[in-house]
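A.B. asks: turn this into a model:
(chains A, B, C and D)
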Protein chains: 4
Amino acid sequence: MANRARVLIDCDDAKGLVYHFSKIFYDRELNVDTNREFVDKERSKFFMRSVVTGEFDVDELRDAIVSVAPKNAHIRVVEPKPKKIVLMATKESHCLGDILIRWISGELEADIEAVISNRDNLRDLTRRFDIPFLYISSDDISREEHEEQVLDILKGLEFDYIVLAKYMRILSEDFVSNYPEKIINIHHSFLPAFVGANPYKQAHSRGVKIIGATAHFVTSDLDEGPIISQDVIPVNHRFEWKDMQRAGKDGEKIVLARALSLVLNDRVFVNGNKTIVF
Amino acid sequence: MANRARVLIDCDDAKGLVYHFSKIFYDRELNVDTNREFVDKERSKFFMRSVVTGEFDVDELRDAIVSVAPKNAHIRVVEPKPKKIVLMATKESHCLGDILIRWISGELEADIEAVISNRDNLRDLTRRFDIPFLYISSDDISREEHEEQVLDILKGLEFDYIVLAKYMRILSEDFVSNYPEKIINIHHSFLPAFVGANPYKQAHSRGVKIIGATAHFVTSDLDEGPIISQDVIPVNHRFEWKDMQRAGKDGEKIVLARALSLVLNDRVFVNGNKTIVF
Amino acid sequence: MANRARVLIDCDDAKGLVYHFSKIFYDRELNVDTNREFVDKERSKFFMRSVVTGEFDVDELRDAIVSVAPKNAHIRVVEPKPKKIVLMATKESHCLGDILIRWISGELEADIEAVISNRDNLRDLTRRFDIPFLYISSDDISREEHEEQVLDILKGLEFDYIVLAKYMRILSEDFVSNYPEKIINIHHSFLPAFVGANPYKQAHSRGVKIIGATAHFVTSDLDEGPIISQDVIPVNHRFEWKDMQRAGKDGEKIVLARALSLVLNDRVFVNGNKTIVF
Amino acid sequence: MANRARVLIDCDDAKGLVYHFSKIFYDRELNVDTNREFVDKERSKFFMRSVVTGEFDVDELRDAIVSVAPKNAHIRVVEPKPKKIVLMATKESHCLGDILIRWISGELEADIEAVISNRDNLRDLTRRFDIPFLYISSDDISREEHEEQVLDILKGLEFDYIVLAKYMRILSEDFVSNYPEKIINIHHSFLPAFVGANPYKQAHSRGVKIIGATAHFVTSDLDEGPIISQDVIPVNHRFEWKDMQRAGKDGEKIVLARALSLVLNDRVFVNGNKTIVF
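C.D. replies: Prediction:
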């Protein structure tokens, strides 16, 4: 018997869905702590996130919901507990460090299983937090070989999400297809501006007055996955591109942490190439 | 028979409210276009705003909702149509002008019944938009006398909201008590910082790096009514207080317009001294 | 004899420029009210804006500065007085209206010579402010013919800047070449994201969490001119593209007004494809 | 002989200051990399920060500047090198952790001499970075005794600045008087709103829509010292005060880090109760 769960519903839209679902909660005498719904009329999709408390059997509750939901509905009843994440990084420490600090302070709703890197730079930082650092050099091997080695490692780990905390290699379509809606990336630009390499140089050369950062799910389309969170930082003509990069780092780590927290709290639904954030 | 309405519910919290209300929609075969709920656990209050479409009788729908709602519930079923507003201003034109432009462009979901002012400065601007300008001088008379004259005028007008678009006189408790939750003010500071006179001088003298604006409902407590919307503008040491004032004007007019739009769309519930904004 | 002027210097960088220029001010017993300099090291360019007060002859002062400046320096000594602008618009009123309100309130440091439009929609609004509305229909004629008619009108007007206040036609390279660094445009996106047609539809379809607006000088490269000012507005999954457009309008008018004010105060220097904003 | 220095001038305003100072640079064939000036007309004060490169003797340069500056001028010629800081904290780790990560990544322009705390909570985190953690319990002793013990420790350390990274005790006027313009604090509100205890509870109870954080120099007037940097975070009715606190932490650590970086780069001048930030 559970006492608290997040009910996550993602299905085709139909009349009376809120009624049907709330009836199930009512019949079981559950309290609805928070309730958010959204209908995407264009795609005719219904999304709902309810936090219910009371006394209930998770499987029974899910089955009841499934029984009144449209066909092919995606229903989850999730008890709140820390999820497991794997971090991937390359050499910059600001995003990794920020997540490690949140984790050791007990503020991250997740357990960090390991840090995987194609460079050795972040070993010392990671070890200070007693977290396994798995160095898989990308030197002198093909992208395919490298990804295979990473996949081998990942297969030996148990995790809910992979967080690319400034992992500076492009993941192949093949790799990504193993983890749909499970890989979160921080892109160091205000997507879709400045896709591709070195967004800060691009931003500097274009003379923009605001730069940004974008956290998104990774899909096979590079820089095109569903956006979870974005933020911006004002800059001006006195910023060299290195200054933009420095200023951008704060934005990157905050946006990634915010997106990660939303995902870990099951507040993010993927809706085609977009997200619903409750 | 109506085709579209906003259902606005404000009542004590109780188990099953969403179920009961959504059942009423379901039984009448109404579509729920959007649905937002919020429970204030501290005060044990439930708030809901649904937009329903279909075919229904407004009174019958409201009565049905009342019949399942807790005692003393505040239930409204509102058909979307322009509300009526009265503007009050003194001599600054930026907020008044912004509202007039939105109105003449058809972007304001309201009809402007009149502009009332204690100064004559804005007559020309108002008249350019063919809106009655009612000048009630505050010279040489007491506050009580002036407010009485304004009240006399207001009593001859039909309106839903009074918008203080930089009306620079303090309204008495007596005056305000006539229009509970009906008067919207723009305060030229980031409340509760710099309450009272000349916030920009205060902000300048304190050396803040950010200034702001606050739209709120007016209650008998000066500058203490429920906040609807706020925004901020970065400033720096080069700003004299006059520069802060100039920069602040853009914030003021945008925040007031945003708050007004929220209110006109029935998106704002007053919850004690706060607001719920759906 | 003048009492106050903005000294605007744009030249190749060299050692001692500040010394040489400040010596000229010192020798003439001028007060330097504000002074901003910037050196673009990449392009080896020096920019300076000083506001000087005292008693001086404008031509003598400029000649003195030229005499110590590097060759091909661009030196201006500008007495503060309202500049003249021509507005071009199509059918949306929010930017035009905002500028008109600022103008009639005496807050705009410019005289509006005329509003030129390819549509008739904004005639009524413009006339309410007693400003000439010049309607040059673009129906049934080629772009070349239309631009020629507009050019004919412009040639009969005296002005410092053309402000495209939501003028929704693309200007040809030929047209633009007549007014280098003289045309200011508001682009309804956070450039360089969503260049091209209907940025709000693009932004909606991409599922971004922030939209923006960009004011820039118009060059022959569409949407690629030097950026003067940018701002952003948060959005979320509940925004249809029409809602993004509505929310974006406030950003557009504020960013355009801010850019215009900067330009009118001679605070903007064009530096290649970027701007220096003092 | 030095190659690069920051020239920091803070003096009474007078005619020709820029000329006199730039002449000194010119006569010594120094390059002026960046140059910022500001005149506070109200207080008749002149501030200047120049970065010069070339070959020069620091003492000779300073003496030369002093010789042409008004009496009582405050002149510094500072070679860029890491400053020394002492951190003080209580039990929250987000600000301390953020600074530690920046330090170990080489991004902080400072050496951390020690972390001093009145609680033992942050010992483990600090030790992971091999930094001395000095625990001076405040239990069972008076404020005076505690401050005396802290002062004793501080006197044994060499440092340029004390950074209060969420040090949750009020420092006495006596204590503060030892380190004028040397103590930087992060206040967890948008000062001057919500001065005093638990700003997040205050903000929640007031129903604000935006919360903030303020970094400032500590003076004997609690929460009234010169503001260095501020930032804000949007909140809404769904935020309990604990949620505001959580959201506020990101703002606090970023604002403190930004203020610290500005101070470490000698970009901040104290001007009465305000700051000039170049």
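
A.B. asks: use CA for all of it now, contacts and neighbours both
C.D. replies: Will do.

A.B. asks: bridging residues for the most centrally placed residue in chain A?
C.D. replies: Centroid-nearest residue in chain A, with CA atoms, centre = their mean: residue A:184, separated by 4.0 Å. Applying DSSP bridges to residue A:184 yields these beta-bridge partners: residue A:163, residue A:217.

A.B. asks: just the pLDDT for it.
C.D. replies: You'll see residue A:184 listed with a pLDDT of 98.

A.B. asks: ok, it - contacts?
C.D. replies: Residues near residue A:184 by CA atoms under 8 Å, 6 or more residues apart in numbering or on different chains: A:161-164, A:215-218, A:260.

A.B. asks: again with residue A:199
C.D. replies: If you count contacts by CA under 8 Å, 6+ apart, then residue A:199 has A:188-189 around it.

A.B. asks: nearest to residue C:36, of the contacts of residue A:184?
C.D. replies: Comparing these against residue C:36 with CA to CA picks out residue A:215 as the nearest, at 37.2 Å.

A.B. asks: let me know the secondary structure of the closest one.
C.D. replies: strand (DSSP: H, G, I helix; E, B strand; the rest coil).

A.B. asks: can you tell me the SS state at the residue nearest to residue A:40 when sequence neighbours are not counted?
C.D. replies: Using CA to CA, 6 or more residues apart in numbering or on different chains and skipping the chain neighbours, the partner closest in space to residue A:40 is residue A:46 (6.5 Å). The three-state label given to residue A:46 by three-state DSSP is strand.

A.B. asks: near residue A:46, how many other residues are there?
C.D. replies: 20 (other CA atoms under 10 Å in any protein chain shown).

A.B. asks: that one and residue A:11 touch, don't they?
C.D. replies: Yes: using CA atoms under 8 Å, residue A:46 makes contact with residue A:11 at a distance of 5.3 Å.

A.B. asks: before we move on, the earlier item: how far away is the residue nearest to the centre of chain A from residue A:229?
C.D. replies: 11 Å (CA to CA, to the nearest Å).

A.B. asks: ditto for residue A:52
C.D. replies: Counting by CA to CA, the gap from residue A:52 to residue A:229 is 26 Å.

A.B. asks: show me the contacts for residue A:272.
C.D. replies: For residue A:272, the contact set (CA under 8 Å, 6+ apart) comprises residue A:226.

A.B. asks: and it, what pLDDT?
C.D. replies: pLDDT, read off for residue A:272, is 94.

A.B. asks: near chain C, which residues of the stretch 51-200 of chain A are found?
C.D. replies: A:191-194 (CA under 8 Å from any CA of the partner chain).

A.B. asks: export these as a markdown table, with columns for secondary structure, distance to residue A:87 and neighbour count.
C.D. replies: Shown next, in a markdown table, are these (DSSP: H, G, I helix; E, B strand; the rest coil; distance: CA to CA, whole Å; neighbours: other CA atoms under 10 Å in any protein chain shown):
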| residue | secondary structure | distance to residue A:87 | neighbour count |
| --- | --- | --- | --- |
| A:191 | coil | 22 | 27 |
| A:192 | coil | 24 | 20 |
| A:193 | coil | 26 | 18 |
| A:194 | coil | 25 | 22 |
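
A.B. asks: so what's residue A:183 up against?
C.D. replies: Residue A:183 neighbours (CA under 8 Å, 6+ apart): A:161-164, A:176, A:217-218.

A.B. asks: what about 10 Å?
C.D. replies: Contact partners of residue A:183, counting by CA atoms under 10 Å, 6 or more residues apart in numbering or on different chains, are A:85-87, A:160-164, A:176, A:216-219, A:225.

A.B. asks: ok, so of those residues, who is nearest residue D:58?
C.D. replies: Among the contacts of residue A:183, and counting by CA to CA, the member closest to residue D:58 is residue A:164, at 47.0 Å.

A.B. asks: and that closest one, how many neighbours?
C.D. replies: Neighbour tally, residue A:164, other CA under 10 Å: 27.

A.B. asks: just to revisit the earlier point, list the residues that contact both of residue A:46 and residue A:11?
C.D. replies: Listed as contacting both residue A:46 and residue A:11 by CA under 10 Å, 6+ apart are A:17, A:39, A:73.

A.B. asks: domains of chain A?
C.D. replies: Following automatic domain parsing, one finds the domains of chain A at A:2-78, A:83-277.

A.B. asks: what's the most buried one of those domains?
C.D. replies: The highest average neighbour count among the domains of chain A, using mean count of other CA atoms under 10 Å in any protein chain shown, belongs to domain A:83-277 at a mean of 19.

A.B. asks: surely residue A:20 is within a strand?
C.D. replies: No: using three-state DSSP, the assignment for residue A:20 is helix, not a strand.

A.B. asks: pLDDT wise, what is it at?
C.D. replies: Confidence score, pLDDT, at residue A:20: 97.

A.B. asks: so who does it touch?
C.D. replies: Here residue A:20 is in contact with A:26, A:65, A:67-69, B:19, B:22-23, B:26 (CA under 10 Å, 6+ apart).

A.B. asks: mind doing that once more with 8 Å?
C.D. replies: By CA under 8 Å, 6+ apart, the neighbours of residue A:20 are residue A:68.

A.B. asks: how near is it to chain C?
C.D. replies: 23 Å (CA to the nearest CA, to the nearest Å).

A.B. asks: what separation is there between that residue and residue A:70?
C.D. replies: 11 Å.

A.B. asks: likewise residue A:27?
C.D. replies: Applying CA to CA, the value for residue A:27 to residue A:70 is 20 Å.

A.B. asks: may I have stretch A:153-162 as CSV, with CA atoms only?
C.D. replies: Extracted C-alpha coordinates of stretch A:153-162, given in CSV (Å, rounded to 0.1, in the frame of the first residue of the first chain):
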residue,chain,number,x,y,z
ILE,A,153,29.5,0.6,-19.4
LEU,A,154,26.0,1.9,-19.4
LYS,A,155,24.6,-1.5,-19.8
GLY,A,156,26.3,-2.5,-16.6
LEU,A,157,24.6,0.4,-14.7
GLU,A,158,21.1,0.9,-13.5
PHE,A,159,19.7,4.4,-14.2
ASP,A,160,16.7,6.4,-15.1
TYR,A,161,18.4,9.3,-16.9
ILE,A,162,21.7,10.2,-18.6
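
A.B. asks: contacts for it?
C.D. replies: With CA under 8 Å, 6+ apart, stretch A:153-162 has contacts from A:83-88, A:113, A:182-184.

A.B. asks: gap between that stretch and the chain center?
C.D. replies: With CA atoms, centre = their mean, to the nearest Å as the basis, stretch A:153-162 stands 15 Å off its chain's centre.

A.B. asks: stretch A:129-145 now?
C.D. replies: 22 Å.

A.B. asks: is any residue of it near chain D?
C.D. replies: Yes: looking at stretch A:129-145 against chain D by CA under 8 Å from any CA, the contacts come from residue A:129.

A.B. asks: try stretch A:232-252
C.D. replies: Yes: using CA under 8 Å from any CA, stretch A:232-252 reaches chain D at residue A:250.

A.B. asks: likewise stretch A:103-117?
C.D. replies: Yes: using CA under 8 Å from any CA, we find that stretch A:103-117 touches chain D at residue A:105.

A.B. asks: could I have that stretch exported to PDB, CA atoms only?
C.D. replies: Extracted in PDB, the C-alpha atoms of stretch A:103-117 (Å, rounded to 0.1, in the frame of the first residue of the first chain):
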ATOM      1  CA  TRP A 103      23.800  16.000  -4.500                       C
ATOM      2  CA  ILE A 104      26.000  16.100  -1.500                       C
ATOM      3  CA  SER A 105      23.800  18.700   0.100                       C
ATOM      4  CA  GLY A 106      20.800  16.400  -0.300                       C
ATOM      5  CA  GLU A 107      19.100  18.800  -2.600                       C
ATOM      6  CA  LEU A 108      19.200  16.600  -5.700                       C
ATOM      7  CA  GLU A 109      16.300  14.200  -5.900                       C
ATOM      8  CA  ALA A 110      18.600  11.600  -7.400                       C
ATOM      9  CA  ASP A 111      21.500   9.200  -6.800                       C
ATOM     10  CA  ILE A 112      24.500   9.700  -9.000                       C
ATOM     11  CA  GLU A 113      25.600   6.300 -10.200                       C
ATOM     12  CA  ALA A 114      28.700   7.400 -12.100                       C
ATOM     13  CA  VAL A 115      30.500  10.000 -14.100                       C
ATOM     14  CA  ILE A 116      31.500   8.900 -17.500                       C
ATOM     15  CA  SER A 117      34.000  11.100 -19.500                       C
END
